[in-house]
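[1] just the structure for this:
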Amino acid sequence: MSLSMIGTNTIEIDWKNFVSGMSSSNFSQDAGFSPGNAGVSSTKTVVNPLAVPGLIYPPGPTTDHSTNLTGEMICSCEDPSGSAVRLFVSTDAQQDGRFFSYASNGVLTERGAEDTAGNYIYGRSDMIAFQSEVYVTNSDNIVRWQQPNTFNYTFFTFSDGFAPHPAIVYEDNAFYGDGNLLLRQTSAGSAPSTILTLPTNQVIVALGIDPGSGMMLISVIDQYNVSGTINSQARVLYYDGFSNKARKVVLVDDMILAFYNVGSTMYITYGQKLGYWTGAGIQFLRTLEVSFDNAELPYKHHITNIGEILYVITRTYILAYGEIVKGAGNSFYYCLRNSSGDSGNYTLVTNIGQNTLAVSFATGKLFTFDTTNVSEVLTGGAYFRTLKYHIERKVTFTQCVIQFGAAIPTSDNIGTLYLITDDGELTEVGTLNTSTIPTNIAISGNILGTANGTTATFTFQSAETRTIQVLWVNTPSNATKVCPIQRITLFSNPK
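    Numbering: from 1, shown residues only. Below you'll find the predicted structure:
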């Protein structure tokens with residue numbers, strides 16, 4: 001069929017859109033595809049553009065490792081003994097802490113006893129591996145954890161029970177924030193002592209290491225502000241680890257919640273935003289969809305990386321940021337969603353090796369997610385939205401052609417195509433079901449068993465509009481039958 005018969009004008013969505021990532025909102029065109037819109041099919045665009053650059057795969061499934069878990073994970077660190085893949089601490093409704101090891105066979109094991117001596121609170125608790133031991137902070141104490149089951153729950157008591165207690169290892173010493181005090185621990189088992197005293201009105205929020213100078217970075221705010229709701233003077237201090245004062249002070253616009261290094265880049269979170277540290281201030285990257293709540297704000301354990309890709313929790317989604325194709329620049333996309341709804345906000349994300357994330361969420365669950373798995377589809381399916389395209393004058397759209405990057409399987413629901421036009425309404429065009437192909441869908445190419453791919457042409461009653469957007473919902477009835485999108489073409493005629 002010639003193009004003149006099915007439409008004189010086209011809109012093409014292909015690899016250039018996919019590697020450009022997700023736009024800032026459903027109403028902007030600053031990237032390659034839309035993140036979605038709460039008003040129209042509220043589930044956001046969730047994709048895997050990394051598996052085969054140039055194709056859009058749906059994200060793979062998660063695996064439940066929640067057996068033995070009580071509470072929800074609040075922080076984690078590596079196991080200095082090497083016997084476990086990762087160590088975790090959870091908190092419950094009473095803010096009591098429990099301690100877990102995660103083994104290479106996927107088994108989560110509780111260690112020690114429940115700690116009721118301190119309160120484990122989002123934004124205030126932290127966890128580090130120091131020399132051969134692990135140290136966990138809560139609102140009141142430092143817990144000493146000697147592998148695998150030896151605990152001192154009141155190893156050290158903080159002077160400030162309201163402030164965050166961030167922890168970091170720097171120059172083979174452990175450092176802890178304690179209100180306006182920076183504490184230093186010089187060896188495993190020795191009690192920390194004050195090494196730096198700030199003015200009494202200042203509170204240490206986060207600790208990091210500057211990749212340029214190699215100095216410690218200390219985020220400071222002028223009053224308690226764990227939920228980020230108060231406008232107060234914020235600073236970043238450069239510190240050498242032994243002096244009685246900071247080497248340099250930088251005023252910043254908002255309280256920095258976390259420092260996170262990926263290669264030579266120091267990413268930072270502040271308020272509801274993600275940015276990076278320039279050495280002299282904050283460079284904005286993106287506004288995160290989180291509220292001013294210490295359980296949602298992007299503190300240290302809401303951030304991780306796998307290689308050069310950064311992962312950040314935004315409520316029930318994991319936001320990825322990095323370069324999909326060399327030279328294309330970094331881009332954003334949601335790589336995972338929790339289908340449990342708003343009650344299932346993610347509480348922790350961490351890299352556990354082999355391209356796999358561990359994620360915990362607020363219904364007391366710990367799942368793992370293989371970021372490279374394209375052999376199955378995430379439970380509940382995946383959603384892809386194109387940008388919202390605007391045309392000067394009203395035109396008539398008649399067809400949409402989806403070219404897949406692999407042959408589509410037989411006897412399965414592959415996905416459903418929707419259009420969104422001027423009125424903002426969601427109109428279903430049709431479901432691609434290869435066991436009973438609808439009359440308004442024509443398939444060309446190959447089905448099952450070849451690598452040449454398949455093209456599906458969706459014909460619909462003429463849509464007269466100045467705005468057009470496509471939503472593709474990938475919900476196969478057989479989760480092991482995955483079909484990536486190679487390109488989408490929309491055809492229209494002048495009205």
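[2] within its sheet, name the partner strands of the longest strand seen in the chain and how each one runs.
    Secondary structure of the chain read by DSSP state E shows that its longest strand is strand 454-474. Within its sheet, and counting by DSSP bridges, strand 454-474 is paired with strand 382-385 (antiparallel), strand 389-404 (antiparallel), strand 413-420 (antiparallel), strand 441-445 (antiparallel).
[3] would you map the strands across the stretch 1-150 of the chain?
    9-13, 62-64, 72-77, 86-91, 97-102, 108-115, 126-130, 133-137, 141-146, 150-157 (DSSP state E, counting those that start in this stretch).
[4] that older thread, next, the buried residues of the longest strand of the chain.
    454-460, 463, 465, 468-474 (16 or more other Cβ atoms under 10 Å). The way it works is simple: take the backbone N, C-alpha and C, and place the C-beta from them, glycine included.
[5] need the strands of the stretch 1-150 of the chain in TSV with mean neighbour count and distance to residue 442, can you?
    TSV is the format used below for those (neighbours: other Cβ atoms under 10 Å; distance: least, Cβ to Cβ, whole Å):
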stretch	mean neighbour count	distance to residue 442
strand 9-13	16	17
strand 62-64	15	35
strand 72-77	25	49
strand 86-91	24	50
strand 97-102	23	49
strand 108-115	16	50
strand 126-130	22	57
strand 133-137	24	60
strand 141-146	22	62
strand 150-157	16	66
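[6] for residue 175, helix, strand, or coil?
    strand (DSSP: H, G, I helix; E, B strand; the rest coil).
[7] follow-up on the earlier one: pull the most distant pair out of the buried residues of strand 454-474.
    Using Cβ to Cβ, the two most remote members of those are 454 and 465, lying 27.8 Å apart.
[8] residue 72 versus the closest residue to residue 94 other than its chain neighbours, what's the distance?
    Spatial nearest neighbour of residue 94, excluding adjacent residues (Cβ to Cβ, 6 or more residues apart in numbering): residue 116 at 7.5 Å. Distance of residue 116 to residue 72, computed by Cβ to Cβ, to the nearest Å: 17 Å.
[9] quick one: the helices in this structure, in order.
    Counting by DSSP state H, the chain has helices at residues 3-6, 15-20.
[10] and residue 172, how many neighbours?
    By the criterion of other Cβ atoms under 10 Å, residue 172 has 10 neighbours.
[11] how close does it get to residue 383?
    47 Å.
[12] the residue nearest to residue 94: how many residues sit nearby?
    Neighbours of residue 116 (other Cβ under 10 Å): 11.
[13] can I get the strands paired with strand 454-474 in TSV including mean neighbour count?
    Formatted as TSV, these follow (neighbours: other Cβ atoms under 10 Å):
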stretch	mean neighbour count
strand 382-385	24
strand 389-404	17
strand 413-420	22
strand 441-445	15
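[14] quick one, domains of the protein?
    Under automatic domain parsing, the residue ranges defining each domain of the chain are 3-58+382-494, 62-370.
[15] what sits against residue 467?
    388-391, 420-422 (Cβ atoms under 8 Å, 6 or more residues apart in numbering).
[16] how about these, which pair is most distant?
    391 and 420 (13.9 Å).
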